[in-house]
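# need a structure here:
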Amino acid sequence: MKVTSAMIDPQLRSLGMLMRVFFRPSLRFFKLINKLSQRLSGANIQGYDCSEIFIPSRDLERDIRVRKYKPWGSKEKNLPVVLYLHGGGYAINVPESDHKMIQRILDSTPCVVIAPDYRRSLEHPFPSGIEDCYDTAEWINSEFLENQNQCFIIAGTSAGGGLAVALTLWLRKSTKIRVTMVIPIYPMLDHRMQTKSMINNNAPVWSVAHNKLAWSLYLKGIKDIPILASPALNSDWVGFPPTITYVGELDPFRDETINFCLALEDAGVSVTYRVFTGAYHAFDILVENAEISISAKSFLAESIEREVKKLC
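Model prediction:
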């Protein structure tokens, strides 16, 4: 899908053209972005109680850095818990890179957000990242969920959305941890890259070229791709939790997001989703004051508020 300037929402167009020039699909650029993102570590979200903790991992020689966000003065045991997984093609960024989306979730409903600084594929290919996410889920269970009927939500954007779906599939085998809801925003789900919206996609921010590089890093050394690496390979969605998502019309992930939602519907799963016309990847974060971005923000907030009231 070739994306021309005329196809892009007018309020997204200028920044989109700049991003097409500067956000290069190269290993060198990925490394630079990842290095710059480290400077965000420790940043806080104004108006919320933010802290940093280190939790155990399956690797006894290392702990996982985790950010925790909650309303000031709140009692954690009474709030829904959101495990939030940041985006970045599985390769780059830190939890603090996604503060805008984390704040949207916090603004939508009172909750505790737990965001792990999972290992990224520039240095640690699959399954390192999702193992850190699973270990974080187990820690959340021991700290918040055991012997309680507390709401547990898994959310993320882009690759974080892919991790949210994959982790939920992994946790289906667990008798201890029940996932109440999943919020994978424009998720990165399918390493095969054969959908119409992906082929030849040259959209700003994230194109097929970015995607090829990201998957090559994440799946390095793997011959038989497992479902937990590429969740679109899954064929059984029965029992998957209620899901909220959206994606831009010009996003390479458009069709794999739609296919995911249709598969959920076929399996009898409650799914709420929208496709935003003229929008590229991460449009709502990069141009947050555009009318279409405000619409996406409202859609997410209203959907979360409605589903939390229903499920939690």
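# from here on, contacts and neighbour counts on C-alpha atoms
Will do.
# next SSE downstream of the strand or helix carrying I285?
I285 belongs to helix 283-286 when elements are defined using DSSP states H and E. Towards the C-terminus, the helix or strand next in line after helix 283-286, according to DSSP H and E, is helix 291-311.
# skip the chain neighbours and tell me the closest residue to I225.
Spatial nearest neighbour of I225, excluding adjacent residues (Cα to Cα, 6 or more residues apart in numbering): L219 at 7.7 Å.
# oh, I was asking about V3
Per Cα to Cα, 6+ apart, closest to V3 is A203, 5.4 Å.
# quick check, that neighbour in a helix?
No. The assignment for A203 by DSSP: H, G, I helix; E, B strand; the rest coil gives coil, which leaves it out of any helix.
# quick one: contacts for it?
Applying Cα atoms under 8 Å, 6 or more residues apart in numbering, one finds that A203 lies in contact with 2-4, 20, 250-252, 280.
# just R20 next, same as before
When contacts are counted by Cα under 8 Å, 6+ apart, R20 touches 203-205.
# which of the three states applies to A279?
For A279, the assignment made with three-state DSSP gives coil.
# all helices of the stretch 151-300 of the chain, in order?
Under the criterion DSSP state H, counting those that start in this stretch, helices of the stretch 151-300 of the chain are mapped to 159-171, 208-218, 254-266, 283-286, 291-311.
# check which residues of the fourth one are buried.
Going back to what we said before, that points to helix 283-286. By 16 or more other Cα atoms under 10 Å, the buried positions in helix 283-286 come out as 283-284, 286.
# same question for it, mean pLDDT?
Per-region confidence: helix 283-286 scores 97 on mean pLDDT.
# flag the shaky bits of the stretch 1-150 of the chain, pLDDT-wise.
Low-confidence regions of the stretch 1-150 of the chain, defined here as pLDDT under 70, cover residues 146-148.
# show me the shaky parts of the stretch 151-300 of the chain.
Residue ranges of the stretch 151-300 of the chain with pLDDT under 70: none are present.
# re the thing from before, wouldn't the residue nearest to I225 be in contact with H124 here?
No. Counting by Cα atoms under 8 Å, L219 sits too far from H124 to count as a contact (9.9 Å).
# the two: which has the busier surroundings?
When neighbours are counted by other Cα atoms under 10 Å, L219 and H124 differ, and L219 comes out ahead with 21 against 17.
# so how far is stretch 282-292 off the chain centroid?
17 Å (Cα atoms, centre = their mean, to the nearest Å).
# got the end-to-end distance for it?
End-to-end distance for stretch 282-292, by Cα to Cα, to the nearest Å: 12 Å.
# what's it in contact with?
Here stretch 282-292 has contacts from 11-12, 15, 100-101, 186, 205, 248, 276, 279, 293-294, 296-297, using Cα under 8 Å, 6+ apart.
# of the residues you listed, which is the most crowded?
Y186 (28 neighbours).
# who does the nearest residue to it once chain neighbours are set aside bridge with?
Counting by Cα to Cα, 6+ apart, the nearest residue to Y186 once its immediate chain neighbours are dropped is V247, at 4.7 Å. Under the criterion DSSP bridges, V247 forms beta bridges with V275.
# and V247, how many neighbours?
If we define neighbours as other Cα under 10 Å, then V247 has 30 of them.
# could you do V287 as well?
Neighbours of V287 using other Cα under 10 Å come to 18.
# roughly how far does it sit from Q150?
The spacing between V287 and Q150, counted by Cα to Cα, is 35 Å.
# with T175 instead?
For T175, the distance to Q150 (Cα to Cα) stands at 15 Å.
# neighbour count for those two, which is higher?
With neighbours defined as other Cα under 10 Å, T175 and Q150 compare such that Q150 has more, 19 against 7.
# with adjacent residues omitted, what lies nearest to the more buried one?
In space, Q150 is closest to P80, 6.1 Å off (Cα to Cα, 6+ apart).
# next, the contact list for M17, please.
Counting by Cα under 8 Å, 6+ apart, M17 has contacts 5, 204.
# ugh, wrong one, S5
13, 17.
# count the neighbours of L262 for me.
That count, for L262 with other Cα under 10 Å as the rule, works out to 14.
# the one 4 residues further on too?
Using other Cα under 10 Å, D266 has 12 neighbouring residues.
# over to I225?
Using other Cα under 10 Å as the criterion, I225 is surrounded by 12 other residues.
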